[in-house]
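K.L.:
Everything below, folded, please.
(chains A and B)
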Protein chains: 2
Amino acid sequence: MEPIRVGLLGLGVVGGGTFNVLARNAEEIARRAGRHIVVTKVSARDLVKAKSRVGDAAQVVADPFEIVRDPSIDIVVELIGGDGLARELVLEAIAHGKHVVTANKALLAKHGNEIFALASEKGVMVMFEAAVAGGIPIIKAIREGLTANQIEWVAGIINGTTNFILSEMRARGLPFADVLAEAQKLGYAEADPTFDVEGVDAAHKLTLLSAIAFGVPVQFDKAYIEGISSLSQTDISYAEELGYRIKLLGVTKARPDGIELRVHPTLIPAKRLLANVEGAMNAVLVQGDAVGATLYYGKGAGEEPTASAVVADLVDVTRLHTADPEHRVPHLAFQPQSMSDKPILPIEAVTTSYYLRLTVDDVPGVLAEITRILADASISIGSMIQKPREGSTQADIIFLTHEAIERNVNAAIARIEALTTVQSKVTRLRLENLA
Amino acid sequence: MEPIRVGLLGLGVVGGGTFNVLARNAEEIARRAGRHIVVTKVSARDLVKAKSRVGDAAQVVADPFEIVRDPSIDIVVELIGGDGLARELVLEAIAHGKHVVTANKALLAKHGNEIFALASEKGVMVMFEAAVAGGIPIIKAIREGLTANQIEWVAGIINGTTNFILSEMRARGLPFADVLAEAQKLGYAEADPTFDVEGVDAAHKLTLLSAIAFGVPVQFDKAYIEGISSLSQTDISYAEELGYRIKLLGVTKARPDGIELRVHPTLIPAKRLLANVEGAMNAVLVQGDAVGATLYYGKGAGEEPTASAVVADLVDVTRLHTADPEHRVPHLAFQPQSMSDKPILPIEAVTTSYYLRLTVDDVPGVLAEITRILADASISIGSMIQKPREGSTQADIIFLTHEAIERNVNAAIARIEALTTVQSKVTRLRLENLA
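P.N.:
Next up is the predicted model:
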């Protein structure tokens, strides 16, 4: 059979990795796909550098639009990132009847509905395994492997930078700023780390996971996002003492009245596999009503892990492009006419457990006042520790609550902070038992 | 669109689970698959019981051949087990142009080549996600999710019974026989547990994983199989002391000269996620050249977890049945004309690390003699402990070796056991660092 012809937009880290993997494993891939998958055209900003990398294997062009309009190209791989030019290119490629493979989570989290609608109209596929958790085939697992299930929730460590930072903070007892500086030196964090450490990147990925788990449109603007930059060593230590680890989790849950979609630092029991995912690794836990919990673990970023997912998508497109479009795997896992309009719940309506830490005057009656406030707000306490602060007449109190509604917790926190015996703001972290 | 019509052979644990999941999640599944998937006919031995379970939803018949020959059935689901009648039924279903979904690892490990060949000839699919690791979509991950990679090795905990027994032996310090009796009482082990505890079930599954990882025919008869029934508490404790846990692993590795295919108790570093897979859970670790290591974890057995995999296959068949057969996912991941003829290596040619335990007279020069024998056989020592045996003049010595070829280790063991100062057989376990 004729080779499938691929146009590659961008020859950066992932683009270069994709080119390498397709070249190195060409025979292995053809043995699986039944035909060769060949990059025939590449667009890059630095033509000289790109030519020296690609050699004679493919044509290098400066204008990416030349690729998306080229009638000889079967599949366009978009790896330039961002959601301006990338959006234009992807829409143009689809308009020209080309299948698209992309690793661009920001693009799909923001413009996925528009892109998938056009793709359905044109009868082409837009594949994005590489957009979430790098080389881990988590999109495939949820979209195809767990189709028997009503998915109940998904919880994942889907940002390697923050997981590296949290792992180091815990292992070495260092504050956030020091570990971040080191992560930047090692190349695990960007010069401007906001996107990663404030949870935006994780929220892009979670938005996609939520859409394919529950059959809702992508709604990045409704995601609740809280990063790790204000997380203190104190809370990591207290969590440890209580048998928990703190991870930046993306959590999405189906509730009767809507869908939770939230990224925040989260206490999880130390014995869970997810709690033992260290360094820059990623892992996603998916709870289905038939299968129970399944977990997927691997490298969430990097040249070849991400390329692994891009190439898997290329093989899938190669396989499925002769199937009639109605029988292909739908972009968001559910048929476009069968999407759900369940709303995304605001964070105040979320139900989870909580870690609450505060400093109080060590005088009789304080604990009675606080626990009365919690009880009034229907918040029941799972465990508690109280520690005198050295050299003072104050004490730290830490509560772990059972499940409660966030708006009740907010109200209780406001009342607690108004007590004259309470000498600090209440530090509030969310807690998931994941079982 | 018309519903897809399914004939179910067998209404036991997995058959019943499949029927339930298809009924309960009918709408969710149709929203994904684009059409309904309906069981129209069921064969069962106990007609009365089957009818009371199925109600009016499907016709219940005594003769399974009536289903595989029924022109109205699109897909046959084989869940009766064994490799006699099941083989006949599957071949007959294929001959009648039906797609087949099965959870039958024994059948495919032994007769897969014959079955897949006939299926390719007839242009139908034989799907078997449920045959390995229950609800974990590991077949899909390897066959489709990791197609970019040259798979280097696969190592998995793929038998829940033995993992439950080993977890309990370690946690509670009890001998094998006691824990087995308890597992039988709890329903985790069969009355005749041979199949599980001697590693046969794991070897069936590993044979399938090896075939799809490396593109070789199924060759169950070449698998090396060693169970856990002779594993002693002593070795579990020493392993723990050295920072390792013992798991029954299925390991398959591509070597330049062939493929390793082996099931045996294995020491793995305690900090690995795989070492922390407890109870009846399953997990599979796959090493690819591009993606690195990825891990897949979940329930490996049980009514609904296994049904989850069966139904996912039904959805896949529904999706792919309009694709031209040359573009479908090949049964063993590689195109039939592109299979590899790499041989399965005999256990003597395997390369791995070893745990060796022996009892010696506590006299000068013993250690020098033994280490000389190991060095002569090109076996280098990674670590060692020596413990005096209480109330005797003997000592236990435990070596952990670096990688060595098994035939060299066998030769060294023979020489060591012949020493007059060595007072025991050498207990030999294999060790995998999994990195």
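K.L.:
what about the helices in the stretch 1-150 of chain A?
P.N.:
A:13-24, A:26-33, A:47-54, A:64-68, A:85-95, A:105-122, A:138-140 (DSSP state H, counting those that start in this stretch).
K.L.:
So which elements touch the longest one?
P.N.:
Yep, that's helix A:105-122 we're talking about. Other elements packing on helix A:105-122 under the criterion 3 or more CB pairs under 8 Å, 6 or more residues apart in numbering or on different chains; DSSP states H and E are helix A:85-95, strand A:126-127, helix A:200-214. (Glycine included, C-beta is placed from N, CA and C.)
K.L.:
Then the shortest one?
P.N.:
The helices and strands touching helix A:138-140, judged by 3+ CB pairs under 8 Å, 6+ apart, are helix A:200-214.
K.L.:
Other residues contacting the next helix or strand after the helix it packs on?
P.N.:
Next helix or strand after helix A:200-214 toward the C-terminus (DSSP states H and E): strand A:224-225. Under the contact criterion CB atoms under 8 Å, 6 or more residues apart in numbering or on different chains, strand A:224-225 has outside partners A:198-200, A:202-203, A:261-264, A:346-347, A:350.
K.L.:
thinking again about what came up before, please identify the deepest-packed of the helices of the stretch 1-150 of chain A.
P.N.:
Most buried of the helices of the stretch 1-150 of chain A by mean neighbour count (mean count of other CB atoms under 10 Å in any protein chain shown) is helix A:138-140; its value is a mean of 28.
K.L.:
roughly how far out does it sit from the chain middle?
P.N.:
12 Å (CA atoms, centre = their mean, to the nearest Å).
K.L.:
Show me the strands in the stretch 201-350 of chain A, by range?
P.N.:
Remark: strands assigned in the stretch 201-350 of chain A by DSSP state E, counting those that start in this stretch are A:224-225, A:244-255, A:258-269, A:281-288, A:292-299.
K.L.:
As CSV, those strands with mean neighbour count would be great.
P.N.:
Formatted as CSV, these follow (neighbours: other CB atoms under 10 Å in any protein chain shown):
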stretch, mean neighbour count
strand A:224-225, 20
strand A:244-255, 24
strand A:258-269, 23
strand A:281-288, 26
strand A:292-299, 25
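K.L.:
Helix or strand for A:Ala177, just tell me which one.
P.N.:
Assigned by DSSP H and E, A:Ala177 falls in helix A:176-186.
K.L.:
I'd like to know which elements that helix is packed against.
P.N.:
Counting by 3+ CB pairs under 8 Å, 6+ apart, the packing neighbours recorded for helix A:176-186 are helix A:160-172.
K.L.:
If we use 10 Å, what do you get?
P.N.:
helix A:160-172, helix A:194-197 (3 or more CB pairs under 10 Å, 6 or more residues apart in numbering or on different chains; DSSP states H and E).
K.L.:
residues in contact with that helix?
P.N.:
Defining contact as CB atoms under 10 Å, 6 or more residues apart in numbering or on different chains, one finds that helix A:176-186 is touched by A:160-162, A:164-172, A:174, A:188-193, A:196-197, A:228-233, A:236, A:280.
K.L.:
what comes up buried for stretch A:156-169?
P.N.:
A:156-169 (16 or more other CB atoms under 10 Å in any protein chain shown).
K.L.:
just those now: which is nearest B:Gln287?
P.N.:
Ranked by distance to B:Gln287 (CB to CB), the buried residues of stretch A:156-169 are led by A:Gly160 at 18.9 Å.
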